[in-house]
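Student: fold the following and give me the result.
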Amino acid sequence: MPSTRHAAAAEAFLAPPAMPDADDRTRDRVLSAVLENGPVSAAELGDLLGFTPAAVRRHLDHLERNGVIEVKRVTKAGSGAGRPARRYVLSSQGQSTLGDDYLNIASSALHRLQELAGEDAVRAYAEERFSDMERRYAPEVEAAGDDITARAMALSRALSRDRFVASAHSIEAKAPLPAALSSVQLCQGHCPIQRLAAEFPVFCDTETEVFSRLVGVDVRRLSTLAQGGHVCTTHIPTGRPAATASPDVAVQSGNPYQESNNQQERP
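Tutor: This is a model prediction of the structure:
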């Protein structure tokens, strides 16, 4: 009967949206753990989340089938010639679900800017975009003092607060290598402009220059999400003192590390 069908349709239309079920919520937790800890194994995820191996693999298989995560084959250091272990990381599609809104519009606008005003105009825009980050982070990094490791850790905390899912790990040089070769590896597990940076590498270059000025030493980008890495990794040498300067002075006088960074091979 039409009236019954119409009533049923109206009821369905007015009903509140279905809440995520337990599996959806659990998969969100697994996805977040992969983002924060990747590349990570199923066993490590089970330990982190308190799940059985079977439960973790079921959710990982679902996320992999949907293209949200992917498997990286990683050979563990010192493990000999054994078979590479399976490690899970977010895929490009997974990264896109976490903050790439409006990037198609931004990409179109930047391509048009490039056509009308050239590469320098795109670089100027990238520098303006990251200047706010530099101004906000500078007081926190300066408060860490002159120690490069402490400054890198402060930078990592600031990045994590802005949802870059950052971490910093000290790598101490062991004899017979000189202590001057010690470093910090700064990793970022999420990039909100990943697709845009893939089209315009100047965004990665500019961010690297900002990191150099903030920590006070020349840094090197080892990998980026935009160029296919599973994280953005920045090598920060800690064996020499920081050459600190205020962000305004650094920007006005030019980046003292720009030539070195620009000479680096892009990852």
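
Student: can you give me the end-to-end span of stretch 229-238?
Tutor: Taking Cα to Cα, to the nearest Å, stretch 229-238 runs 24 Å from one end to the other.

Student: what's the next secondary structure element after the strand or helix carrying Cys204?
Tutor: Applying DSSP states H and E as the criterion places Cys204 in helix 202-215. Going down the chain from helix 202-215, the next helix or strand is strand 220-223, by DSSP H and E.

Student: what's in contact with the helix or strand just after that next one?
Tutor: Next along the chain after strand 220-223, taking DSSP H and E as the criterion, comes strand 232-237. Strand 232-237 is contacted by residues 148, 152, 180-188, 191, 204, 208, 211, 215, 217-226 when judged by Cβ atoms under 8 Å, 6 or more residues apart in numbering. Backbone N, C-alpha and C define where each C-beta goes, glycine included.

Student: these two touch, right, Ala226 and Pro201?
Tutor: Yes: using Cβ atoms under 8 Å, Ala226 makes contact with Pro201 at a distance of 7.1 Å.

Student: who has more neighbours out of the two?
Tutor: Using other Cβ atoms under 10 Å, the more surrounded residue of Ala226 and Pro201 is Ala226, with 23 against 15.

Student: low-confidence stretches in this protein?
Tutor: 1-23, 74-84, 92-103, 175, 177-180, 240-267 (pLDDT under 70).

Student: can you check which helix is longest in it?
Tutor: helix 119-142 (DSSP state H).

Student: and that helix, how far from the chain's centre?
Tutor: Chain-centre distance of helix 119-142: 17 Å, with Cα atoms, centre = their mean, to the nearest Å.

Student: residues of that helix that come out buried?
Tutor: 122, 125-127, 130, 133-134, 137-138, 141-142 (16 or more other Cβ atoms under 10 Å).

Student: other residues contacting the helix or strand following it?
Tutor: On the C-terminal side of helix 119-142, the closest following helix or strand by DSSP H and E is helix 148-161. Identification of contacts with helix 148-161 by Cβ under 8 Å, 6+ apart yields 136-137, 140-141, 143-145, 166-168, 170, 184, 186, 188, 211, 214-217, 236-238, 240-242.

Student: can you count the residues close to Ala143?
Tutor: 10.

Student: tell me how far it lies from Val231.
Tutor: According to Cβ to Cβ, to the nearest Å, Ala143 and Val231 sit 26 Å apart.

Student: same check, this time on Val122
Tutor: In terms of Cβ to Cβ, Val122 sits 25 Å off from Val231.

Student: pull out the buried members of the contacts of strand 232-237.
Tutor: 148, 152, 182-188, 191, 204, 208, 211, 215, 217-226.

Student: tell me who's in contact with Arg87.
Tutor: Arg87 neighbours (Cβ under 8 Å, 6+ apart): 38-41, 71-74.

Student: do the same with Val141
Tutor: Counted by Cβ under 8 Å, 6+ apart, Val141 has contacts 151, 154-155, 158, 214-215.

Student: does Val184 belong to a helix, a strand or coil?
Tutor: strand (DSSP: H, G, I helix; E, B strand; the rest coil).

Student: and it, how far from Phe130?
Tutor: 20 Å.

Student: could you dump the contacts of Arg87 to JSON lines with distance to Leu63, neighbour count and secondary structure?
Tutor: JSON lines is the format used below for the contacts of Arg87 (distance: Cβ to Cβ, whole Å; neighbours: other Cβ atoms under 10 Å; DSSP: H, G, I helix; E, B strand; the rest coil):
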{"residue": "Gly38", "distance to Leu63": "12", "neighbour count": "23", "secondary structure": "coil"}
{"residue": "Pro39", "distance to Leu63": "14", "neighbour count": "19", "secondary structure": "coil"}
{"residue": "Val40", "distance to Leu63": "13", "neighbour count": "19", "secondary structure": "strand"}
{"residue": "Ser41", "distance to Leu63": "15", "neighbour count": "17", "secondary structure": "coil"}
{"residue": "Val71", "distance to Leu63": "11", "neighbour count": "14", "secondary structure": "strand"}
{"residue": "Lys72", "distance to Leu63": "14", "neighbour count": "15", "secondary structure": "strand"}
{"residue": "Arg73", "distance to Leu63": "18", "neighbour count": "10", "secondary structure": "strand"}
{"residue": "Val74", "distance to Leu63": "18", "neighbour count": "16", "secondary structure": "strand"}
